[in-house]
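Colleague: here are the coordinates; sequence isn't available:
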DNA sequence: CCTCCTCCTTGCAACGTTGGAAGACAAGGT
DNA sequence: ACCTTGTCTTCCAACGTTGCAAGGAGGAGG
């Protein structure tokens, strides 16, 4: 691999004996290029393997076609599937997604919100998790942004959210309709800082109250985060304190997987002894043992909506921030006897 | 959001009453700038919220700091975890990863190999799956590339591979040591086009032969791809044809999850009736029911190695293509009685 | 033969940045 | 007063591209 410079318009122009601009015109399919000239230049482009230099082009045009995605971590199934949907949705619009992981770390989320120090992307898709809303509201960066999820309220940016109160209500109501009365909520934590959680708990409470069941604080089982291991440990703790639990509403599928695991180890049958519902409908829900009843969120359409909002901003749309809400629905599987 | 142009060096320079270059010198921490001047300029940078325009900078410097990752799909746990590791490894080196999904589609893989039509990235990390090796060998694009996985053999590019023959041997030997003799291989397909598969099968055969067990073609169970559903259906088919199977070596964890699911539905106990081993050690392996014995591949170090190779190329290293091999080890869990 | 028009091609400038070299200025030495 | 030295700042050019306007060639019409 000799350290050859990449082919530029200038090289093609020199080889073909025409001006740089003519080559540019051919590359960009501009009118007013004689067919034989077009062919001739095309041949040299092919021969020299010319491909436009994105940076030059973008500098000139003032757009890069790049969208930054700041997401907690691609590894988790929910964000992985979301990322995947966003990559595809971006591709559909001729945009390219550039991925940053925040690890849900407030410092890194703030960096993401503030644009990473260098202007390079045309827009930002941001999944905030632990960032104080104030920071979002005071964004100085004027790069158009779309927030995804329940946590962006109050920010002056377009947003696609999820009605987690309705989700919590739906899941809890389903458990109540099975006749369960000691329904635990798995995944409680500092609600102040987590609107997702606050909403899911609110939905849970609302459903219990509507059914005339008292909310028992002991059944609100906290976990440090919402990953499998936390679901496992939280469930073990919960059952130690309240062995009579007959249903668990887990704040997300990962917690639910952990719960299933713990229940199995502790010799509880699912759904006979304890019914379990999660939220997200990640692929694994259809294959775990037992398969998991969960509230599905349509990530493909969520991703499309987010990029549609962003694309309008890229085209200069100047209206107040808008908020869309993604669809959800209950998927009943074995963990509630489906 | 008035359609204000982003702040440039020129704006800061005008505001501070100095030349553009001086501002640039401050931004880049160049020597020979008087402290009070530095402060003064800093203040204006802060006030105007100046941030360098990446495209201008990159055009000048000839590097974008962008690395393209072409991966089959971020959704699958293995590639998701790999992507995550690569994002982090890139970040450690001050690079940014831009994600493209090929969906394992040969056409899209070819596009990835050939550089996506526009020159914008400094390098490419490519996980080829279904692309004929010839295409890789004839890459015209001179952008440095690193291939990941067993499928890149023959390409003139750096590569981090996995010794899948050793992996197949290790997994199969483990099953044999448990006393199992009717060990199926789950995930067979067109071996011509899939070196990963060819190697894993070769390791399987080698282990069987060493143990003096005949290779029974009926125990080589094909699946269309290597996802959960295929593992489920393949296992059901396998058990219908050969109800006496006492162990399954699944070509990857997803197939194994599908297998566990099918075994459970068919009333086989794992590991008592059928022992199962997978490959990859994705997070779910530690939480499925029963937990899965699998061959772990260290994705973090794989990602670091890949980026180290790439970074050397970005710095102009001009040596023949190199190949590294990532580490693996057996993790014994419940599905083989661990 | 000249003019005008059309069609095709070219030159110039600019996008925002930075390396290199030249310029300005002050202080110190002769 | 002049030169040297060193420190700080500015100027120029270039990275590769494209919009705009002007340039050139050739044909049709007078």
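Modeller: It's in. Because the structure is a prediction, the values reported are computed rather than measured.
Colleague: the closest residue in space to residue A:202 that isn't next to it in sequence: neighbour count?
Modeller: Spatial nearest neighbour of residue A:202, chain neighbours left out: residue A:165 (5.0 Å); criterion: C-beta to C-beta, 6 or more residues apart in numbering or on different chains. Placement of C-beta: from N, CA and C, glycine included. As a burial measure, residue A:165 scores 19 neighbours (other C-beta atoms under 10 Å in any protein chain shown).
Colleague: which pLDDT value belongs to residue A:165?
Modeller: At residue A:165, the model reports a pLDDT of 97.
Colleague: same deal with residue A:188?
Modeller: 94.
Colleague: pretty sure it is touching residue A:198, no?
Modeller: No: look at residue A:188 against residue A:198 with C-beta atoms under 8 Å: they stay out of range, at 10.2 Å.
Colleague: contact partners for the residue of the stretch 151-300 of chain A found nearest DNA strand D?
Modeller: The stretch 151-300 of chain A approaches DNA strand D most closely through residue A:158 (27.5 Å), counting by C-beta to the nearest atom of the strand. Shown in contact with residue A:158 (C-beta atoms under 8 Å, 6 or more residues apart in numbering or on different chains): A:144-147, A:309-310, A:313, A:321-323.
Colleague: one more time with 7 Å
Modeller: Residue A:158 is in contact with A:146, A:309, A:313, A:321-322, counting by C-beta atoms under 7 Å, 6 or more residues apart in numbering or on different chains.
Colleague: can you flag which of those residues belong to strands?
Modeller: Using DSSP state E, the members of the contacts of residue A:158 that fall in strands are residue A:146.
Colleague: of the contacts of residue A:158, which is the most crowded?
Modeller: Top of the contacts of residue A:158 by neighbour count (other C-beta under 10 Å): residue A:146, with 28 neighbours.
Colleague: where does the prediction get shaky in chain A?
Modeller: Along chain A, the model assigns pLDDT under 70 to residues A:1-4, A:191.
Colleague: tell me which element the most centrally placed residue in it falls in.
Modeller: In chain A, the residue lying closest to the centroid (C-alpha atoms, centre = their mean) is residue A:82, at 4.2 Å. Using DSSP states H and E, residue A:82 sits within helix A:77-92.
Colleague: likewise for residue A:14?
Modeller: helix A:9-16.
Colleague: likewise for residue A:173?
Modeller: Short version, using DSSP H and E: residue A:173 is in helix A:164-177.
Colleague: after that helix comes which helix or strand?
Modeller: Immediately after helix A:164-177, counting by DSSP H and E, sits strand A:183-188.
Colleague: run the chain-centre distance for that following strand.
Modeller: 23 Å (C-alpha atoms, centre = their mean, to the nearest Å).
Colleague: is it in proximity to chain B?
Modeller: No: counting by C-beta under 7 Å from any C-beta of the partner chain, chain B is not contacted by strand A:183-188; separation bottoms out at 14.6 Å.
Colleague: got the contact list for the residue nearest to residue A:103 when sequence neighbours are not counted?
Modeller: Excluding its sequence neighbours, the residue lying closest to residue A:103 (C-beta to C-beta, 6+ apart) is residue A:73, at 5.9 Å. Shown in contact with residue A:73 (C-beta under 7 Å, 6+ apart): A:79, A:101, A:103, B:84.
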